[in-house]
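Undergrad: Okay, sequence plus prediction incoming.
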Amino acid sequence: MIKEFLTIFFLLVTTNLFAKETIIVGTYDSFAAEWGPGPQIEKLFEENCECDLQYVTTSQAGTLLGSIFLKDKDIILGATYDDSKFNSFHKFQAYDYGYYAFIYDENSLQNPPKTFKELINRKDLKIVVQDPRTSPVGMGLLTWVSRVFSENVSEAFYKLNKQIITYTPGWSEAYGMFLEKKADLVLSYSTSPYYHQEYEDDYNYKALIFPEGHVKESEYVIILEDTNKKIIAEEFLSFLNTKEIQEIISRSNIMYPILETATPSKMKNLPKPSEAVKISTGEDLIYMWLNATAQ
């Protein structure tokens with residue numbers, strides 16, 4: 001009996017001693033998708049950390065910092081900056097960035113607008129964008145409009161809304177509708193044409209680069225304050241900043257890497273927007289947008 005007890009005890013101790021530590025990363029679904037950077041990053045990090053990195057995903061990136069999604073996570077990956085929440089995190093850093101832009105197919109749209117002002121005043125365009133309540137990209141559009149049309153934001157929302165055929169929950173749904181030729185323009189990033197050039201050898205997709213400027217947005221990786229995996233989580237943050245991983249992120253997430261030397265050559269050749277002047281309207285943009293879209 002004693003021998004059997006010692007054998008079981010030894011097995012339990014040995015199992016716990018060599019068990020891999022699990023780290024839970026909350027992110028949006030396209031990052032962790034088979035074609036996204038997530039699987040490659042998971043494989044390479046696990047080779048170095050002797051751990052089990054697991055993704056938990058959401059289709060609505062705007063919910064990444066919601067209290068429900070934050071529960072039981074060690075790391076959040078893919079959130080945009082939020083003044084009201086970031087101070088409560090243990091540590092955070094940007095890992096890529098991009099500029100919001102409207103994408104079009106030059107084979108389908110022969111006369112694209114040359115300025116943002118022209119775009120909102122046109123009446124012959126079909127545009128698909130993301131809902132700002134569920135998508136950081138959709139919220140980025142509200143910020144962009146507020147900077148460019150600061151003197152009359154509500155009127156700009158109203159005019160633009162007349163051409164928007166639908167607001168999708170997230171980026172994937174909007175871009176899918178655009179590729180299905182259901183819209184002339186889709187709200188995305190100025191780097192989106194890189195995907196078509198690199199993986200489809202298609203140079204017909206272009207970003208509209210407006211002289212009024214664009215909104216630059218960074219994506220962040222965050223270590224939550226209440227995680228007990230802070231050491232390995234900090235190793236993950238450092239890992240994301242290595243050149244190899246930055247190259248993977250740029251090629252697969254179709255965004256500019258924080259490490260400039262990791263930028264793919266075709267992405268370097270894309271026109272890079274200037275940044276719209278940062279201003280504060282002092283208004284609730286969601287409220288103004290809801291009022292404008294209700295008219």
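TA: Perfect, thanks for sending it. Please read all numbers here as calculations on a predicted model, not as lab measurements. Residues are numbered from 1 along each chain as shown.
Undergrad: Quick check: longest strand in this structure by residues?
TA: Ranked by residue count and defined by DSSP state E, the top strand of the chain is strand 91-105.
Undergrad: Describe which strands it pairs with in its sheet and in which direction.
TA: Within its sheet, strand 91-105 is paired with strand 185-189 (antiparallel), strand 205-207 (antiparallel), strand 216-223 (antiparallel), strand 256-257 (antiparallel), according to DSSP bridges.
Undergrad: List the buried residues for it?
TA: Neighbour-count burial for strand 91-105 flags 92, 95-105 (criterion: 16 or more other Cβ atoms under 10 Å). C-beta coordinates here come from the backbone N, C-alpha and C atoms, glycine included.
Undergrad: ok, then the element right after it?
TA: Next in sequence after strand 91-105, counting helices and strands by DSSP states H and E, comes helix 116-121.
Undergrad: could I get that following helix in CSV with only the CA atoms?
TA: Below are the C-alpha coordinates for helix 116-121, written out as CSV (Å, rounded to 0.1, in the frame of the first residue of the first chain):
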residue,chain,number,x,y,z
PHE,A,116,-12.6,63.7,-48.2
LYS,A,117,-14.8,66.7,-48.9
GLU,A,118,-15.6,65.4,-52.4
LEU,A,119,-16.4,61.9,-50.9
ILE,A,120,-19.0,63.2,-48.5
ASN,A,121,-20.6,65.4,-51.1
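Undergrad: Which residues does stretch 109-117 contact?
TA: The contact list for stretch 109-117 (Cβ atoms under 8 Å, 6 or more residues apart in numbering) reads 104, 106, 119, 122, 125, 144, 148-149, 184-185, 206, 208, 210-212.
Undergrad: Figure out how far stretch 71-78 is from the centre of its chain.
TA: 15 Å (Cα atoms, centre = their mean, to the nearest Å).
Undergrad: try stretch 70-80
TA: Averaging C-alpha positions (Cα atoms, centre = their mean) puts stretch 70-80 13 Å from its chain's average.
Undergrad: Give me the distance between the two termini of that stretch.
TA: Taking Cα to Cα, to the nearest Å, the first and last residues of stretch 70-80 lie 14 Å apart.
Undergrad: Likewise for stretch 255-264?
TA: OK, stretch 255-264 end separation, Cα to Cα: 10 Å.
Undergrad: the helices in the chain, which residues?
TA: Ranges of helices within the chain are 2-18, 29-32, 38-49, 67-70, 83-86, 116-121, 136-148, 153-161, 171-179, 192-200, 230-240, 243-253, 265-268, 285-294, based on DSSP state H.
Undergrad: Any idea which of those helices gets closest to Val277?
TA: Ranking those by proximity to Val277 (Cβ to Cβ) places helix 136-148 first, at 6.1 Å.
Undergrad: and Thr263, what is it in contact with?
TA: Thr263 sits next to 250, 256-257 when contact means Cβ under 8 Å, 6+ apart.
Undergrad: pLDDT wise, what is it at?
TA: At Thr263, the model reports a pLDDT of 98.
Undergrad: Look up how far Gly98 lies from it.
TA: To Gly98, Thr263 is 12 Å away according to Cβ to Cβ, to the nearest Å.
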